[in-house]
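Enquirer: sequence and predicted structure are below.
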Amino acid sequence: MRIITWNINSVRLRIAQLERVANELRPDIIALQETKASDSDFPLLACKALGYDYISFSGEKSYNGVAILSKIPFNDQFCLNLYNQDKRHIAIRINDLEIHNFYVPAGGDIPDPELNSKFKHKLEFLEQMNKWFLENRKTSDKLVLVGDLNIAPYEHDVWSSRQLRHVVSHTDIERKTMLKLIDQFGWVDCARQFVPFDQKLYSWWSYRNLNWQQSNRGRRLDHIWVSESLSLSCTAFQIAGETRAWQQPSDHVPVILDLDYPLKAEVEVLQNKK
DNA sequence: ATGGTTGGCGCCCAA
C-alpha cells in the first residue's frame, strides 16, 4: 500500500497537478492539507475521476481544510475538533488500520506564546494531539499519522539550523514539543528510518525565494509517522521534490510511504485459503 | 534587519 501526504495549497486550483501526482506516483491513499474549500465546493467528482472512489473531506471557506482520497474502501471516518473549529484533522479506518491526517497551525511569525496567539494555539494544538493519542490509542494499534505538521524537528530538517533557531517551525520549544509527541506515544518518524539524520531532507520551499532551486533553503515540515506495530511494515520512503518545479506549484511537495499492509482483495484471498 | 511570493477573497489575511 502506498500512502502520500501533500499540502496542496488549494485543491481546486491544482486538480491537474493532483491528477499528475496520482498517475506518476500511483498512491493508494492521498492525504491532502490546505484544500481551502468548503465542503460544498470540494471537487468530489474530479477526485473520483482520478480513480479514488472513497473520499473523506472536511473543509471551510478560504482557510485550512483536509481530505483523504482512497482507492480502498474504508469502514469509518471521523474528525477531531482540536482547536477553534478549524478544519485541521480527518481520519479513516480500513479494517484494523487507522490513518490520521493533520494540518497543524503554522503559528504566525513571532515565536512567543505571550505575544502571538497563533503561536500559542500551535503549541496547544500539539499538546491536544498528544493527549488524544495517549488517552485513546496505543502504539500497538496499527496507526499512520501524516500531514503538514509545520515543524522541522531535527538539525538537518532545515537548511541552516543556526539561522533558523528563532524562526517559527524550528524553534527549541517546537522541536522539543514534537520530539515529546514522538517519544511519549511511541511514534516512528518514517523519513528518518530511511534517510540518515546527517542528510538534509526537505518537503517545503518558500514561495518568497524565487531562486529556491539554486539556494535550496528548504525545511521538512511534512511528516509520516507510524505506530511501533507498523514500523517493520514500512518498505520505502520518498519525497517527490520534482513537483516543486512544476508550473504554478504548491510550496509543499508530496511525501510517500510504502507500507506492506495487505489490501482488502489480498485479505480476502488469504481468508479463502484458510 | 528586512523583504521577498502565493492563494482566496473582496479592498487584506494567512502562509
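Expert: Arrived safely, thanks for sending. Residues are numbered from 1 along each chain as shown, chains lettered A, B, ... in the order given.
Enquirer: and the stretch 151-274 of chain A, which residues reach DNA strand B?
Expert: Within the stretch 151-274 of chain A, the positions adjacent to DNA strand B are A:207-208, A:210, A:248 by CB under 7 Å from any atom of the strand. For every residue, glycine as well, the C-beta is placed using N, CA and C.
Enquirer: residue contacts, A:Phe74?
Expert: A:54, A:56, A:92-94 (CB atoms under 8 Å, 6 or more residues apart in numbering).
Enquirer: tell me the SS of the nearest residue to A:Glu60 once chain neighbours are set aside?
Expert: Once flanking residues are discounted, A:Glu60 sits nearest to A:Lys87: 4.9 Å by CB to CB, 6 or more residues apart in numbering. At A:Lys87, secondary structure determined by DSSP: H, G, I helix; E, B strand; the rest coil is coil.
Enquirer: burial measure for A:Lys87, as a count.
Expert: 24 (other CB atoms under 10 Å).
Enquirer: try A:Gln128
Expert: 15.
Enquirer: skipping adjacent residues, who's closest to it in space?
Expert: In space, A:Gln128 is closest to A:Leu82, 4.5 Å off (CB to CB, 6+ apart).
Enquirer: contact partners for A:Gln213?
Expert: A:205, A:244-245.
Enquirer: got a quick ChimeraX command for the buried subset of the residues you listed?
Expert: Buried members of the contacts of A:Gln213, defined by 16 or more other CB atoms under 10 Å, are picked up in ChimeraX with:
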select /A:205,244
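Enquirer: can you lay out the contacts of A:Gln213 as TSV showing pLDDT, distance to A:His100 and secondary structure?
Expert: Shown next, in TSV, are the contacts of A:Gln213 (pLDDT from 0 to 100; distance: CB to CB, whole Å; DSSP: H, G, I helix; E, B strand; the rest coil):
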residue	pLDDT	distance to A:His100	secondary structure
A:Trp205	98	26	coil
A:Arg244	98	25	helix
A:Ala245	98	30	helix
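Enquirer: on that earlier part again, which of the contacts of A:Phe74 are buried? Put it as a PyMOL command.
Expert: With 16+ other CB under 10 Å as the criterion, this PyMOL line picks the buried residues out of the contacts of A:Phe74:
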select buried, chain A and resi 54+56+92+94
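Enquirer: so which of the contacts of A:Phe74 sit within strands?
Expert: The strands, defined by DSSP state E, take in A:54, A:56, A:92-94 from the contacts of A:Phe74.
Enquirer: what about A:Ser161, how many neighbours?
Expert: Neighbours of A:Ser161 (other CB under 10 Å): 14.
Enquirer: swap in A:Ile151?
Expert: 25.
Enquirer: any idea what sits nearest the residue in chain A that DNA strand B sits nearest to, other than its immediate chain neighbours?
Expert: Taking CB to the nearest atom of the strand as the measure, the point where chain A comes nearest DNA strand B is A:Ser10, at 2.6 Å. Closest residue to A:Ser10 apart from its sequence neighbours, by CB to CB, 6+ apart: A:Lys36 at 4.6 Å.
Enquirer: now swap in A:Lys61 and tell me
Expert: A:Ser38 (4.8 Å).
Enquirer: quick one, what contacts A:Ser227?
Expert: Neighbours of A:Ser227 in contact, by CB under 8 Å, 6+ apart: A:137-144, A:185-188.
Enquirer: so where's the stretch 1-150 of chain A uncertain?
Expert: Across the stretch 1-150 of chain A, nothing is flagged by pLDDT under 70.
Enquirer: that one against DNA strand B: which residues are in contact?
Expert: Going by CB under 7 Å from any atom of the strand, the residues of the stretch 1-150 of chain A near DNA strand B are A:9-10, A:12-13, A:36, A:61-63, A:105-108, A:118.
Enquirer: let's verify the residue nearest to A:Ser10: helix, strand, or coil?
Expert: coil.
Enquirer: ok, A:Trp159 - contacts?
Expert: A:200, A:202, A:216-219.
Enquirer: give me the neighbour count for A:Ile55.
Expert: For A:Ile55, using other CB under 10 Å, the count is 20.
Enquirer: check A:Trp204 too.
Expert: Count around A:Trp204 with other CB under 10 Å applied: 21.
Enquirer: quick check: it vs A:Pro254, distance?
Expert: Using CB to CB, to the nearest Å, we find A:Trp204 at a distance of 11 Å from A:Pro254.
Enquirer: what's the answer for A:Trp6, then?
Expert: From A:Trp6 to A:Pro254 the distance is 4 Å (CB to CB).
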